[in-house]
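Novice: Show me the folded form of this:
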Amino acid sequence: MHGTNRKKRAPKPIISVLMPVRDASDTVKEAVESLWRQHFPSWELIAVDDGSRDDSAAILQACAAADPRVKVVRQPPRGIVAALTAAAGMASGQFLARMDADDISLPDRFGAQLEMFNRIPSLALCGTKVQLTGHGISCGYRRYEVWLNSLITPEDHARECFVECPIAHPTFMMPRIWYESAGGYRDTPWPEDYDLLLRIWQAGGRMAKPDAVLFEWRHRPQRLSQTDPRYAPEAFRKIKRHYLPGSDTPLYQWGAGEVGKLWLKDWQAEAKKGGLRPVAVVDINPRKIGRIIHGFRVIGPSELPPPGLCWIAVTVGAPGAREEIRDWLVPRGYREETDFLFLGIL
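Specialist: Numbers count the residues shown, from 1 in each chain. The predicted structure follows:
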């Protein structure tokens, strides 16, 4: 009988894990082993060795020999976007997940994320809470960890997605259809993960996390986000201006402190090229009200137009300031995401 000796094809995995690897011989095996410990078994790993000069490729090949779910691609050093794009092009899973070669996915990660997609309609991107590990973690990174882990629901992520990237990139999981419809990863002058996330948000995709720490995120001084200018503060301001929602009402900036002044300089430079420019900048410091800072008049909150007649970009980053500003605006009828949005750093 024809075909009786043919080998059955292995079923396609549900999840394809995209892992770019560059000189990670000291951590990559531990990262792969954390995938082997996943309680949800239907996954494949597409590990792209991006020009490593150490033993990373040999370690990955040994992992592939031990488990056919591990697939290894080698390429010259082309960067993270090229590596991720190559991995996504080889992926066969319905969902694409991210992981770096120096991090640890805890055993319940994949199962918990898939449950979120089953539970929340139109969920387009799912992360997890994280635990930062490693040495020399700054207070700023600890604040970021606390903030990331405070965002759980789609409403949390939509409200805060212009403060910072609200999901840690190595914890991303998304349906392939959302990845492809958003255009995948792109080479840009700003962070590739934040760019993809904001395009998904712009298209109406919802974001959420399971309410549990499911990922150990290793902090290392040589990490790309610590060394590449695409992850510098000015790059984050640039991407936020690029994706800022349009409005038919005049723009006002709230905040003339150190962070706010950087934004005012950026608006001034953009205005010279025909870009958006705030009408004025709001501040509560009586010594600043009435002054001109970087070409913008400083006004008090009471001078703002009423709700519906202005759009307010809040660029305050001091601890507790967002809550105070929200407490001033909301009782007066200003609606978050409609009349005002927080852009300031943590």
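Novice: where does this protein have its least confident helix or strand?
Specialist: helix 224-227 (a mean of 68; mean pLDDT, DSSP states H and E).
Novice: Next secondary structure element downstream of it?
Specialist: With elements assigned by DSSP states H and E, the helix or strand that comes after helix 224-227 is helix 233-243.
Novice: gap between that next one and the chain center?
Specialist: On the basis of Cα atoms, centre = their mean, to the nearest Å, helix 233-243 sits 13 Å off its chain's mean C-alpha point.
Novice: swap in stretch 186-197?
Specialist: On Cα atoms, centre = their mean, the centre of stretch 186-197 falls 9 Å from that of its chain.
Novice: buried stuff in that stretch?
Specialist: Neighbour-count burial for stretch 186-197, counted by 16 or more other Cβ atoms under 10 Å, picks out Thr188, Trp190, Pro191, Glu192, Asp193, Tyr194, Asp195, Leu196, Leu197. To be clear about C-beta, it is placed using only N, CA and C from the backbone, and glycine gets the same treatment.
Novice: Equivalent analysis for stretch 156-164, please.
Specialist: Buried, per 16+ other Cβ under 10 Å, within stretch 156-164: His157, Ala158, Arg159, Glu160, Cys161, Phe162, Val163, Glu164.
Novice: Redo the residues you listed as TSV? Include secondary structure and distance to Cys63.
Specialist: Formatted as TSV, the buried residues of stretch 156-164 follow (DSSP: H, G, I helix; E, B strand; the rest coil; distance: Cβ to Cβ, whole Å):
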residue	secondary structure	distance to Cys63
His157	helix	33
Ala158	helix	38
Arg159	helix	40
Glu160	helix	37
Cys161	coil	35
Phe162	coil	39
Val163	coil	38
Glu164	coil	33
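Novice: May I ask which two of these are separated the most?
Specialist: Ala158 and Glu164 (13.9 Å; Cβ to Cβ).
Novice: Could you pull up the mean pLDDT of stretch 127-136?
Specialist: The average pLDDT for stretch 127-136 rounds to 94.
Novice: C-alpha coordinates for that stretch, CSV please?
Specialist: C-alpha atoms of stretch 127-136 as CSV (Å, rounded to 0.1, in the frame of the first residue of the first chain):
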residue,chain,number,x,y,z
GLY,A,127,4.1,40.2,27.9
THR,A,128,4.8,39.0,31.4
LYS,A,129,5.9,40.5,34.7
VAL,A,130,9.6,40.4,35.1
GLN,A,131,12.3,40.1,37.8
LEU,A,132,15.5,41.9,37.0
THR,A,133,18.6,39.9,37.8
GLY,A,134,22.3,40.7,37.5
HIS,A,135,24.7,43.2,39.0
GLY,A,136,24.8,47.0,39.0
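Novice: hmm, who's touching that stretch?
Specialist: Stretch 127-136 has contacts (Cβ atoms under 8 Å, 6 or more residues apart in numbering) with 104, 109, 112-113, 141-142, 145, 148-149, 166-168, 171-173, 207-221.
Novice: Name the residues of it that are buried.
Specialist: For stretch 127-136, by 16+ other Cβ under 10 Å, it's Gly127, Thr128, Lys129, Val130, Leu132.
Novice: Reformat those residues as CSV; add secondary structure and distance to Ala318.
Specialist: Output for those, formatted as CSV (three-state DSSP; distance: Cβ to Cβ, whole Å):
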residue, secondary structure, distance to Ala318
Gly127, coil, 26
Thr128, coil, 28
Lys129, strand, 25
Val130, strand, 24
Leu132, strand, 22
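Novice: list the contacts for Gln268?
Specialist: Gln268 neighbours (Cβ under 8 Å, 6+ apart): Arg277, His294, Gly295, Phe296.
Novice: Please identify, among the residues you listed, the one with the most neighbours.
Specialist: Phe296 (22 neighbours; other Cβ atoms under 10 Å).
Novice: gap between that one and Asn285?
Specialist: 14 Å (Cβ to Cβ, to the nearest Å).
Novice: and the longest helix along the chain, which residues are buried?
Specialist: Criterion DSSP state H: the longest helix present in the chain is helix 258-272. Going by neighbour count (16+ other Cβ under 10 Å), the buried part of helix 258-272 is Val259, Gly260, Lys261, Leu262, Trp263, Leu264, Asp266, Trp267.
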